[in-house]
Structure formats: structure tokens, C-alpha cells
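Trainee: Curious how this folds, go ahead:
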Amino acid sequence: VQLVESGGGLVQPGGSLRLSCAASGFTFSSYAMSWYRQAPGKERELVATITSAGGTTDYADSVKGRFAISRDNAKNTVALQMNTLKPEDTAVYYCNARRSAWPTRNFWGQGTQVTVYS
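Mentor: A predicted model of the protein is given here:
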């Protein structure tokens, strides 16, 4: 199983980044996909989730209206479009795959750094 994130980097406040996560080694279309983030000294927090078929999305209040999660089940990828970035968005962003049906599974990527600097 692999989840490989890409697209992180340095950006000024108000800028945009698009994170991507390429999945392999499992039945991608059976898993809900999420993006989490962890800032230095803070706990990992859920940023956005999309259901297995892509019909439903959910966002943390702090990113609603600025971030958009999407997936392509044909390409086994999930993306996070981040607009109007703020310094408080600075964190390592992790891709997560979760299957709630038995047997449950939970996979993580290695993370990609996003730094919003002024």
C-alpha cells in the first residue's frame, strides 16, 4: 500500500497550492479519502474528507470556502485545492485512506510540507 503526496511548498498569504495524493496497492474506490494536517506542537487535525464515490465532502470550519477536496477513482488520486492561504495553514499535510466496513483499514501517506509565509 502506498499513498504518495505531492504539491507542497512555500507560498505567500493569499496564494494557492494544489496537493495531490497518488494511491496504490488497495481498492481505492472503496475508501473514503481525507487530508489531515499537523502544525508544529499541535495535534493532527482533519482538514477535508470525501466519500468513496465522491458524492459527499466535508471540511474543517477553518478551511471552508477556501479548500476543495476532489478525487478521481479512475486514476486513484485525491487532490486538495487550497486557496486564499493563511499563515495558520502552515503544516505538514497528510493523505489518509479509510475503509469503515469490516475489515476496517486505515492508511497514511508520508506527508508534504506547506508553508505560508509573510
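Trainee: can we go C-alpha only for contacts and neighbour counts from here?
Mentor: Will do.
Trainee: Would you mind pulling the contact partners of stretch 60-68?
Mentor: Here stretch 60-68 makes contact (CA atoms under 8 Å, 6 or more residues apart in numbering) with 46-48, 80-85.
Trainee: same deal with stretch 86-100?
Mentor: The contact list for stretch 86-100, computed with CA under 8 Å, 6+ apart, reads 3-5, 12-14, 21, 30-40, 104-118.
Trainee: Show me which positions of stretch 72-88 end up buried.
Mentor: By neighbour count on 16 or more other CA atoms under 10 Å, the buried set for stretch 72-88 is 73, 76-80, 82-83, 85-86.
Trainee: tell me how far the ends of that stretch are from each other?
Mentor: 28 Å (CA to CA, to the nearest Å).
Trainee: Repeat that for stretch 14-30.
Mentor: Start to finish, the residues bounding stretch 14-30 are 35 Å apart (CA to CA).
Trainee: what does stretch 37-53 give?
Mentor: 23 Å.
Trainee: cool, and stretch 100-112?
Mentor: Terminal residues of stretch 100-112 are spaced 25 Å apart (CA to CA).
Trainee: Distance check, the most centrally placed residue in the chain against A91.
Mentor: In the chain, the centroid-proximal residue (CA atoms, centre = their mean) is W35; its distance is 2.4 Å. Going from W35 to A91 by CA to CA gives 12 Å.
Trainee: ditto for T84
Mentor: For T84, the distance to A91 - CA to CA - is 15 Å.
Trainee: Q38 contacts E45, correct?
Mentor: Yes: between Q38 and E45 there is a contact under CA atoms under 8 Å: 6.3 Å.
Trainee: All set, thanks.
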